[in-house]
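1. after the sequence you'll find the predicted model.
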Amino acid sequence: MERRKILLGSGAALATVLAGCSSDETGSDSNNDDDEPLNDTNGDNGDGDDSDDADVPGLDRDKLELDSEKISIEEVNKDGDTVDIVATTTTTDPETLAAELQSLGETVAAAITDPEAFKAEINSVTWVLENDGAMVMSFYIDVQWAIAYINDEMSEDEFVQTVLDTADETQ
């Protein structure tokens, strides 16, 4: 499928660009402006170019936490009408990953605090799961699915299965 090739390619490119960009979480001070993630609140992406890509309308990043001991979110960035999420995982087993992602619906529902604002600006959320810097899985969430789940028009099992059906796995 061409969409999967595009998603896989963009996920790999995103992972490459974002590798090592977690300096805000580690407390280290980096002077390399090219590695600065677009997650500050003032819209400055570190290169002097004020950009509205830093904020994701209707999304509370602090609430974007999976209930998982094996997956942790490292980066959240807005690129046009897409939100890109890079997470690390301690497992490469697809069945274990699927089990760990069962809380995805709750996580998305908690993080989208203003569904209308989010839907007006964002079309999809792309996830890349990495293990030791290598992509293990990528998938995406269509915002319409998230809104349907939030509005109780889709069960959590249906939501998670729909999302996992978009997954590309690499071993």
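-> Happy to help now that I have it.
2. from memory residue 149 sits against residue 157, does it?
-> No - using C-beta atoms under 8 Å, residue 149 makes no contact with residue 157, being 10.4 Å away. Heads up, the C-betas are built off the backbone N, CA and C, glycines and all.
3. those two: which has the busier surroundings?
-> Applying other C-beta atoms under 10 Å to residue 149 and residue 157 shows that residue 149 carries more neighbours, namely 24 against 10.
4. host element of that one?
-> Per DSSP states H and E: residue 149 is located in helix 143-150.
5. got the buried residues for that helix?
-> Of all the residues in helix 143-150, those buried under the rule 16 or more other C-beta atoms under 10 Å are 143, 145, 146, 147, 148, 149, 150.
6. what residues does that helix touch?
-> 105, 108-109, 112, 115, 118-119, 122-125, 154-156, 158-159, 162-163 (C-beta atoms under 8 Å, 6 or more residues apart in numbering).
7. circling back: between the buried residues of helix 143-150, which sits nearest residue 71?
-> residue 146 (18.1 Å; C-beta to C-beta).
8. separation between the closest one and residue 118?
-> For residue 146, the distance to residue 118 equals 8 Å [C-beta to C-beta, to the nearest Å].
9. so, low pLDDT: which residues of the protein?
-> Within the chain, the stretches with pLDDT under 70 are 1-54, 169-171.
10. hmm, try it at 80
-> For the chain, the stretches with pLDDT under 80 are 1-54, 168-171.
11. which stretches in it count as strands?
-> Taking DSSP state E as the test, the strands found in the chain are 71-79, 82-89, 124-131, 134-142, 168-169.
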